[in-house]
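Peer 1: predicted model and sequence below, questions to follow.
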Amino acid sequence: MNLRIFKATVFTIALLGAASMAWAHHSFGAEYDANKPITLTGVVTKIEWTNPHSYFYLDVKDEKGTVANWKFEGYGPGVLYRTGWKRGISMKPGDTITVTGWRARDGTNWGHSRQVTLASGEKLFFGPPAGTGDGGSVPPVEVK
């Protein structure tokens, strides 16, 4: 294969890869409603450590005992690790947790997670605050 065809092929693959990542990423406001906060407790059924977002699934019982499986979206694995998560240790299928976040605009059992309270009582952020991507109106640490 000559060099020109090789370069064109590499460029095309890179361009398609960038386009697919841009398509997969979305704004908070497009998917979730900041006016619909939720707090749910349930049993973890599955965890997906994927980029650009990680997901976990939670079986939640309502007041009648009916179980619904919820999907929660959050940070990618790199950010989760930097905020204290340990894959396969912090949270595992079968663990009972409480999650706070915001419900999807379409009303399905899908949410944007913010904080997870583990069975031990430890609290870890799984996703960013609600907003438009500015990181919230309050800095995460005191600025001096």
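Peer 2: Looks like it arrived, so ask away. Numbers count the residues shown, from 1 in each chain.
Peer 1: against residue 98, how distant is the nearest residue to residue 31 once chain neighbours are set aside?
Peer 2: Nearest residue to residue 31 in three dimensions, chain neighbours excluded: residue 104, at 6.0 Å (Cβ to Cβ, 6 or more residues apart in numbering). (Glycine included, C-beta is placed from N, CA and C.) From residue 104 across to residue 98, the span is 19 Å (Cβ to Cβ, to the nearest Å).
Peer 1: ok, these two, which is more surrounded?
Peer 2: residue 104 (18 against 15; other Cβ atoms under 10 Å).
Peer 1: hmm, that one is touching residue 32, no?
Peer 2: Yes - counting by Cβ atoms under 8 Å, residue 32 is a contact partner of residue 104 at 5.8 Å.
Peer 1: who touches both of these two?
Peer 2: 111, 112 (Cβ atoms under 8 Å, 6 or more residues apart in numbering).
Peer 1: model confidence score at residue 8, please.
Peer 2: Note on residue 8: pLDDT of 60.
Peer 1: repeat that for residue 33.
Peer 2: 87.
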